[in-house]
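*Asks:* Any chance you could fold what I've pasted below:
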Amino acid sequence: MARTRAQRRRRTLLISLALVITLIILVFARDVSRSAHGAITARRSENRSFAALANALVLQENAFDGRLYRLLSQGGTLSREVFAARLSQLDEQLPSWATVADQLRRPNLSHDVNNEFNLLTQERVEAYQALLGDIAHDLQLPWNVRFSATIVNPALSLIETSKRWNVDRFALRREPGTVRLDATSAQGAQYFDKNGASALQSTSLALVRAVDIAAVRVNPSPLPSKPGVLLLPPVTSVQIGVSVVNDSYDNQLITFSVQVTPLNHRGAAFSQRLSTTLGPMGAYAFVPKVLTTAPGEQARVIFHVMGARAALGTLTTELFRLEMSPSGNTAPG
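*Replies:* Residues are numbered from 1 along each chain as shown. Predicted coordinates:
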């Protein structure tokens, strides 16, 4: 049966409408595909960038762990100064880890892996700082102790965080980029958890406190005389300075005393005590009050350092005989 003109127009209109709808669907599908592909490309880039930076930090951590293990297992052969220097070098690396890990928190990746990496890194930094502080405390090394309110056993905490990361690090294996995140090691923490500081109990690392009087300076300068005699011109005042050295690698409280006792009823008795804390292998010049002197005066002067025994071949007590020239022509000191 022949179609009417109206039917043909309706059929043509429906076909045109179908073609338009199909075209719209194809364009939308193309845009969705491009958007999805773009999103996958962005995620792939983000995952790979995170992996590169995270693995670089893990590489630093594992190198740190290796150095810590060697220091703990072989440190007994080192001197206190060298051991303390290497321990400090390790401690100085830790703050930068926390900064880098915090920067990797954004953008947020699948399975929240980068935020977990940051949290574990912050915990490991705190645990390492506590562990190094424990080592320094065991050896009585001078150290800025950091007290942790959350970490009771730093070695165990480092072992546990390493285990947790070595599970979480597979989170992106099936994500765009199929990245591989490296494992962390805890060799140093495991050694310390098993042995403590037992390998560090050596004579070379043991604290041996010792101080000595390094030099005595008098103003005005003494005239030539016998050893142990301070022969001075007839001045009315004398300034004395005594240099003291801390021969141990530790902070040491030092007390210095000077005592002047007249021997010929001229001049006045004098005594003074001064104290300070010397840093490792540090030196300090004690300068007592100016001594008032008289022409022809003779006196016994004793310098004494307290706080530790004398270092080998040195003295903590010095005895001098002070003799002032008897000339009547006095001059200011």
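*Asks:* any idea how far Leu274 is from Leu223?
*Replies:* Counting by Cβ to Cβ, to the nearest Å, the gap from Leu274 to Leu223 is 27 Å. All C-beta atoms are positioned from the backbone trio N, CA, C, and that covers glycine.
*Asks:* I misspoke; the intended subject was Glu61.
*Replies:* 66 Å.
*Asks:* now Ala308
*Replies:* 34 Å.
*Asks:* Looking at the two, which has the bigger crowd around it?
*Replies:* Counted by other Cβ atoms under 10 Å, Ala308 and Leu223 do not tie: Ala308 has more neighbours, with 20 against 12.
*Asks:* so how many other residues sit close to the closest residue in space to that one that isn't next to it in sequence?
*Replies:* Spatial nearest neighbour of Ala308, excluding adjacent residues (Cβ to Cβ, 6 or more residues apart in numbering): Arg209 at 3.8 Å. Close neighbours of Arg209, defined as other Cβ under 10 Å, add up to 15.
*Asks:* Then Val152?
*Replies:* 9.
*Asks:* Regarding it, what is its secondary structure?
*Replies:* Assigned with DSSP: H, G, I helix; E, B strand; the rest coil, Val152 falls in the coil class.
*Asks:* Same question for the one 3 residues further on.
*Replies:* Under three-state DSSP, the three-state class of Ala155 is helix.
*Asks:* What is the burial count for it?
*Replies:* Ala155 - counted by other Cβ under 10 Å - has 22 other residues nearby.
*Asks:* how close does the closest residue to it other than its chain neighbours sit to Phe256?
*Replies:* Closest residue to Ala155 apart from its sequence neighbours, by Cβ to Cβ, 6+ apart: Asp193 at 4.0 Å. Asp193 sits 45 Å away from Phe256, taking Cβ to Cβ as the criterion.
*Asks:* Those two: who's more crowded?
*Replies:* Applying other Cβ under 10 Å to Asp193 and Phe256 shows that Phe256 carries more neighbours, namely 24 against 16.
*Asks:* Which helix or which strand is home to the residue nearest to Ala308?
*Replies:* Here Arg209, judged by DSSP states H and E, is contained in no helix and no strand.
*Asks:* Would you report the backbone torsion angles of it?
*Replies:* In terms of degrees, to the nearest 10, the main-chain angles of Arg209 are phi -80, psi 130.
*Asks:* Model confidence score at Ala308, please.
*Replies:* With respect to pLDDT, Ala308 has a value of 93.
*Asks:* Can you give me every residue that contacts it?
*Replies:* 209-211, 246, 248, 252, 254, 316 (Cβ atoms under 8 Å, 6 or more residues apart in numbering).
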